[in-house]
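Engineer: show me the folded form of this:
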Amino acid sequence: MAILSNADQQRAINAFFKAQVKNLETATAIGIKTTATKLKNETKKQLRQQFNVRNSSFAKSVKVYNLSARGALGPASYVRLGIPWIGIFEEGGEVTGKSNLLILLPEGAKLGFKRIKPGQWGAFWERNRANLFTKKVSDGTIVYFKKEEKVYPIYKFQKSVNLRKRLSFYETAEALSDEMADLISNLMG
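Structural biologist: All right, here's what the predicted structure looks like:
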């Protein structure tokens, strides 16, 4: 029976720990990628539930970026919401326009009117001037559309609007990250 020398024993121990570290790194990378993908899917689900985003780039703006381990840095992933102003829907708050905000009212949306981008109001007014009129109200101005003897409120100009919280991106991320340690442990066996 051959007895291993101290050097051979040390090499065997080093190889064992190196394999265990590699297994941990692999399990961690898989756990992080899986959790990031789940966060992306949960966020897209929230966007679909809270906004009319069926076929828009809005829903496609949620992206996952996976980073490989480098040097002393372990693997990482981050989920990006590619909409710069999405934070207002995560916290709620007041939105103020440079002059006035133009808000598409539900009645206008039902009639097929679309949101108007800044700078396009003049052209819209010129095209539809015969059927439009405005009326001042306490907090702004309402634009009405006349159609077959009926009058419909379609847009509203106002200085600011309060938006409620509609997304819980950070809360979802924290809940999923709490589960990540168990996922990695299960992957390790």
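Engineer: worst-scoring helix or strand of the protein, pLDDT-wise?
Structural biologist: Ranked by mean pLDDT, DSSP states H and E, the weakest helix or strand in the chain is helix 57-60, scoring a mean of 70.
Engineer: tell me which helix or strand comes right after it.
Structural biologist: Sequence-wise, the next helix or strand downstream of helix 57-60 (DSSP states H and E) is strand 62-67.
Engineer: what comes up buried for that following strand?
Structural biologist: 62, 64 (16 or more other C-beta atoms under 10 Å). The way it works is simple: take the backbone N, C-alpha and C, and place the C-beta from them, glycine included.
Engineer: give the other helices and strands that it contacts.
Structural biologist: Judged by 3 or more C-beta pairs under 8 Å, 6 or more residues apart in numbering; DSSP states H and E, the packing partners of strand 62-67 are helix 6-50, strand 76-81.
Engineer: so where's the protein uncertain?
Structural biologist: Residue ranges of the chain with pLDDT under 70: 1-2, 4-5, 8-9, 12-14, 16-19, 21, 53-57, 59, 99, 189.
Engineer: okay, and the beta partners of the most centrally placed residue in the chain?
Structural biologist: The structure's the chain has its C-alpha centroid closest to Leu81; by C-alpha atoms, centre = their mean the separation is 4.0 Å. In this structure, Leu81 bridges to Val62 when assessed by DSSP bridges.
Engineer: isn't it right next to Val62, touching?
Structural biologist: Yes: taking contacts as C-beta atoms under 8 Å, Leu81 lies within contact range of Val62: 5.8 Å.
Engineer: list residues touching both of these two?
Structural biologist: Residues touching both Leu81 and Val62 by C-beta atoms under 8 Å, 6 or more residues apart in numbering: Thr43.
Engineer: coming back round to it: residues touching the residue nearest to the centre of the chain, list them.
Structural biologist: Taking C-beta under 8 Å, 6+ apart, we find Leu81 in contact with 43, 61-62, 169.
Engineer: out of the helices and strands packed on strand 62-67, which gets nearest to Met180?
Structural biologist: helix 6-50 (5.0 Å; C-beta to C-beta).
Engineer: who does the closest one touch, helix- and strand-wise?
Structural biologist: Using 3+ C-beta pairs under 8 Å, 6+ apart: helix 6-50 touches helix 57-60, strand 62-67, strand 76-81, helix 169-188.
Engineer: just name the most buried of these.
Structural biologist: Neighbour counts (mean count of other C-beta atoms under 10 Å) averaged over each of those peak at strand 76-81, with a mean of 16.
Engineer: got the angle between that one and strand 62-67?
Structural biologist: Between strand 76-81 and strand 62-67, the angle comes out at 160 degrees (axes from the mean of the first three to the mean of the last three C-alpha atoms, to 10 degrees).
Engineer: okay, the angle between strand 76-81 and helix 169-188?
Structural biologist: 150 degrees.
Engineer: now whichever helix or strand comes after strand 76-81: buried residues?
Structural biologist: Heading C-terminal from strand 76-81, the first helix or strand you meet, by DSSP H and E, is helix 87-91. Going by neighbour count (16+ other C-beta under 10 Å), the buried part of helix 87-91 is Phe89.
Engineer: I appreciate the help and will end here.
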